[in-house]
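Trainee: what follows is a predicted structure for the sequence shown.
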Amino acid sequence: MHADRTNRALLGLLGLLLFAAGVAGILAGTSAFGAGGPHRHLLDNPASRYTGAYSAWLWPAAALLAATAVLLAARWLLVILFTTDRLADLTLPGDRSAGRTTLAAGAVTEALAEEIETYRGVRAAHARMIGHPSHPRLAVTVDVAHNSDLPTLRHRIETGALAHARQATDAPDLPIRLDFTMTAHRAARVT
């Protein structure tokens, strides 16, 4: 289950239901459902009479429905909070006659971040592999000093560390997202 897509779909459905309920309430107050609508008592309707007549089984069924909704909401929150697209292992392409070759994604991302952190102007770097083991993507965030030369630094990262990551994963077309954040502190490392 993809958390972002499911999250958007369920929130969109909930929004549509609440919008429809609001429109129905406004229309009921403006006599759209009959001339007597705005002057009737809130609980003087067929639904209230039905609820009163069948309350012996209706309220336990409503409680069961509410408990199911709570369990689904708890599962939804767990999926949103605790799942990521992070990869543990990468499947390297190549000859599979002798078996499958895997590489620990953490080793690649840690080495990549450590290499980027040695570059002039870089305060910190974080990397993570996301996606499917046979089709990974790399997300890199670099925290740079405010006085860093970003075009030069970006070129150095792309031709150095990112090229090394592509070589290590044997994926010359590995999709990489590179983000920079600026800090007001001066960089302490010089190479």
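Mentor: Yes, it's here. Numbers count the residues shown, from 1 in each chain.
Trainee: chain center to stretch 123-138: distance?
Mentor: 15 Å (Cα atoms, centre = their mean, to the nearest Å).
Trainee: can you point out the buried residues in it?
Mentor: The neighbour-count check on stretch 123-138 (16 or more other Cβ atoms under 10 Å) flags 123, 125-129, 133, 136, 138 as buried. Quick note: C-beta positions are derived from backbone N, CA and C, even for glycine.
Trainee: and for stretch 12-23?
Mentor: By neighbour count on 16+ other Cβ under 10 Å, the buried set for stretch 12-23 is empty.
Trainee: which single one of the buried residues of stretch 123-138 is nearest to residue 109?
Mentor: Within the buried residues of stretch 123-138, the smallest distance to residue 109 is 4.0 Å, found for residue 127 (Cβ to Cβ).
Trainee: contact partners for that closest one?
Mentor: Residue 127 sits next to 108-110, 112-113, 116, 138-141, 165 when contact means Cβ atoms under 8 Å, 6 or more residues apart in numbering.
Trainee: which of the residues you listed are buried?
Mentor: Using 16+ other Cβ under 10 Å, the buried ones in these are 108-109, 112-113, 116, 138-141, 165.
Trainee: residue ranges with poor pLDDT in this structure?
Mentor: 1-4, 36-38, 42-43, 83-101, 133-134, 184-191 (pLDDT under 70).
Trainee: can you list the residue ranges for strands in it?
Mentor: Secondary structure of the chain (DSSP state E): strands located at 89-92, 101-104, 122-132, 135-145, 176-183.
Trainee: so the third one versus strand 135-145, what angle?
Mentor: Between strand 122-132 and strand 135-145, the angle comes out at 160 degrees (axes from the mean of the first three to the mean of the last three Cα atoms, to 10 degrees).
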